[in-house]
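J.: quick one, structure for this:
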Amino acid sequence: MSGVLINLIIQIISGAVGGNVAAGAAKNIDLGTLGNTIAGAIGGGAGGQLLGMLIPLLANSGAAPDIGSIIGQVAGGGVAGAVLTAIVGALKNRAA
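T.: The predicted structure is shown next:
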């Protein structure tokens with residue numbers, strides 16, 4: 001597998017986890033487990049890719065990513081997933 005695909009998988013998984021953690025911490029933005037996971041995964045993938053473009057060190061696209069880029073992908077994906085879940089949850093609650 002290429003490094004780009006590995007990075008994307010790491011971002012999506014950490015985004016899904018970040019979305020569920022954010023919803024668990026703030027019950028007013030909870031979308032349900034599936035909603036939190038989907039919103040977090042989308043946020044983690046998109047936000048992680050954006051972060052990789054802004055900080056080239058995190059976009060290690062070699063065959064085997066190093067530990068620094070993996071930690072950066074996990075942090076970026078998790079935070080982006082949490083942020084998107086919070087935004088979607090707040091918009092859903094505001095509309096209701």
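
J.: quick one: residues contacting the residue nearest the centre of the chain.
T.: Nearest to the geometric centre of the chain sits residue 44, at 1.9 Å (C-alpha atoms, centre = their mean). Residues in contact with residue 44 (C-beta atoms under 8 Å, 6 or more residues apart in numbering) are 11-16, 18-19, 76-78, 80-81, 84. Where C-beta positions appear, they are placed from N, C-alpha and C, glycine not excepted.

J.: pull the CA atoms of the helix or strand where it lies into CSV?
T.: Taking DSSP states H and E as the definition, residue 44 sits inside helix 33-54. In CSV, the C-alpha atoms belonging to helix 33-54 read as follows (Å, rounded to 0.1, in the frame of the first residue of the first chain):
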residue,chain,number,x,y,z
THR,A,33,-23.0,6.4,17.3
LEU,A,34,-23.4,5.9,13.6
GLY,A,35,-23.8,9.7,12.9
ASN,A,36,-20.8,10.6,15.1
THR,A,37,-18.7,7.9,13.3
ILE,A,38,-19.7,9.1,9.8
ALA,A,39,-19.3,12.8,10.5
GLY,A,40,-16.0,12.1,12.3
ALA,A,41,-14.7,9.9,9.5
ILE,A,42,-15.5,12.5,6.9
GLY,A,43,-14.0,15.3,9.0
GLY,A,44,-10.9,13.3,9.7
GLY,A,45,-10.3,12.4,6.1
ALA,A,46,-10.9,15.8,4.7
GLY,A,47,-9.3,17.7,7.5
GLY,A,48,-6.3,15.4,7.6
GLN,A,49,-5.7,15.9,3.9
LEU,A,50,-6.0,19.6,4.2
LEU,A,51,-3.6,19.6,7.1
GLY,A,52,-1.2,17.5,5.0
MET,A,53,-1.3,20.1,2.3
LEU,A,54,-0.6,22.9,4.8
